[in-house]
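Chemist: Let me see the structure of the following:
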Amino acid sequence: MNNLKKLGLTALGTALVSSSAFAGALDVTGTAGITYVGNSTQDNGDSKLSQKTTISFTGSADLDNGFTVSYYNNVSGEAMTAANSHFDVDMGDMGKLRFAGTGASGNGAVGQWDDVMPAANEESWHQGTDGIDQQVRDDSFIYTNSMIDGVTVILNYKPGETTHDSTTGAGIKFTGVEGLDVGVAMEDNNTTDGAVVENTVAYIKYAMDAFTVGFQANETDSQTASADTEFEAWGVSYAVSEDISISYGSSTVEFEDTSLSDQEADAIGVSWTNGSMSVTASRHDIANVAGTSTDDRDVTEVNLTFAF
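Modeler: Numbers count the residues shown, from 1 in each chain. A predicted model of the protein is given here:
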């Protein structure tokens, strides 16, 4: 065997050994299900039935310095388009740094905590609004640290783009008492014309035995005063058994704009699990959806989901 072939085989072997040394695990999970939505004011297109399918890819690998690198990508819908993706570097006691590419992965503390009320299916304001002025958070950075037991800090930053300037946010939550979960978060969304939209979220939840109760308040302050909103919600859930839960929730949204009417919503929910199958349902009574006085809805939603 000539020296050139020996050199090539040696290089190939070295590459394979190096690759296997840094190889990580790749997991594939997903859900498939059917959703029924009955709306008293809308036809939901041609059918009240829809299929929901998601496939998630998760990969991870350990680095020599003790850090763990992981990647998550979620595709969903009939076209199987990318819905959620992120790249994480877990640095142990130094916290976790995430680069969020698409979807809810880019939610900072405000986006993560703006709908945390206990609910067996959907929150009371589902198909309405929670009053928070959410900006697109694709391509953003999120830092999370839980170095102190019971305390979690979240910082998020999204660089400016053509349509809007940077987004910065911070949040802190406390879970140091058994059953208690308290959090507050603030976020500034800067627009290209110099305006600033400030979002604030505060919540408290307490779980005792089979009961969980919660209260939440969201607020949006804008340089355009008529765009300001105040939101309050509360909810309670009860675990009837390991497989069955029920819930009730109520919420209101007050709009500074006098041309809009306050949104009021109530909902009851139930969930049942049987192995990898789950059935969830809820009934929503929503008045003045998103401030529109002529839009009152009674909505029924039922989901049948299989996990794999």
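Chemist: correct me, but residue 122 touches residue 267?
Modeler: Yes - contact status for residue 122 versus residue 267: in contact at 6.9 Å, counting by C-beta atoms under 8 Å. Any C-beta I mention is one placed from the backbone N, CA and C, and that applies to glycine too.
Chemist: out of the two, which sits in the busier spot?
Modeler: Each of residue 122 and residue 267 has its neighbours counted (other C-beta atoms under 10 Å); residue 267 has more, 27 against 20.
Chemist: before we move on, which element is that one in?
Modeler: strand 263-274 (DSSP states H and E).
Chemist: do you know how far residue 137 is from residue 166?
Modeler: Residue 137 sits 11 Å away from residue 166, going by C-beta to C-beta, to the nearest Å.
Chemist: Hmm, I typed the wrong one, I wanted residue 180.
Modeler: The spacing between residue 180 and residue 166, counted by C-beta to C-beta, is 34 Å.
Chemist: list the residues that contact both of residue 137 and residue 166?
Modeler: In terms of C-beta atoms under 8 Å, 6 or more residues apart in numbering, residue 137 and residue 166 are both contacted by the residues residue 158.
Chemist: Which one's more surrounded, these two?
Modeler: Higher neighbour count among residue 137 and residue 166: residue 137, with 23 against 13, using other C-beta under 10 Å.
Chemist: That one - nearest residue in space that isn't next to it in sequence?
Modeler: In space, and not counting its chain neighbours, residue 137 is closest to residue 106: 3.2 Å by C-beta to C-beta, 6 or more residues apart in numbering.
Chemist: how many neighbours does the one you found have?
Modeler: Number of residues near residue 106 (other C-beta under 10 Å) recorded here: 25.
Chemist: going forward, begin numbering at 49 instead of 1
Modeler: All right, first residue 49 from here; so that's residue 154.
Chemist: helix/strand/coil for the spatially closest residue to residue 177 that is not a sequence neighbour?
Modeler: Nearest residue to residue 177, sequence neighbours excluded (C-beta to C-beta, 6+ apart): residue 338, at 4.8 Å. Classification of residue 338 using DSSP: H, G, I helix; E, B strand; the rest coil returns helix.
Chemist: ok, residue 338 - how many residues close by?
Modeler: Counted by other C-beta under 10 Å, the residues lying close to residue 338 total 16.
Chemist: Walking through the stretch 249-356 of the chain, point out its strands one by one.
Modeler: Assigned by DSSP state E, counting those that start in this stretch, the strands in the stretch 249-356 of the chain fall at 259-270, 277-287, 292-303, 311-322, 325-335, 345-355.
Chemist: What pairs with the first one, parallel or antiparallel?
Modeler: When you say that, I think you mean strand 259-270. Using DSSP bridges, strand 259-270 pairs in its sheet with strand 244-256 (antiparallel), strand 277-287 (antiparallel).
Chemist: can you list those in CSV and add mean pLDDT, distance to residue 309 and mean neighbour count?
Modeler: Below are these laid out as CSV (pLDDT from 0 to 100; distance: least, C-beta to C-beta, whole Å; neighbours: other C-beta atoms under 10 Å):
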stretch, mean pLDDT, distance to residue 309, mean neighbour count
strand 244-256, 93, 22, 18
strand 277-287, 96, 13, 20
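Chemist: Nearest approach to residue 299 belongs to which of the ones you listed?
Modeler: Smallest distance to residue 299 across the strands paired with strand 259-270 (C-beta to C-beta): 3.6 Å, for strand 277-287.
Chemist: where's that closest one relative to the chain centroid, distance-wise?
Modeler: Chain-centre distance of strand 277-287: 17 Å, with C-alpha atoms, centre = their mean, to the nearest Å.
Chemist: Next, the angle from that strand to strand 292-303.
Modeler: Using axes from the mean of the first three to the mean of the last three C-alpha atoms, to 10 degrees, one finds that strand 277-287 and strand 292-303 are set 170 degrees apart in direction.
Chemist: which other residues reach strand 277-287?
Modeler: The contact list for strand 277-287 (C-beta under 8 Å, 6+ apart) reads 165-168, 171-173, 178-181, 258-268, 293-304, 317.
Chemist: Can you flag the buried ones in these?
Modeler: 165-168, 171-173, 178-181, 260-262, 264-268, 293, 295-303, 317 (16 or more other C-beta atoms under 10 Å).
Chemist: Pull up the overlap in contacts between residue 170 and residue 315.
Modeler: Residues touching both residue 170 and residue 315 (C-beta under 8 Å, 6+ apart): 330, 332.
Chemist: Alright, that wraps it up for me.
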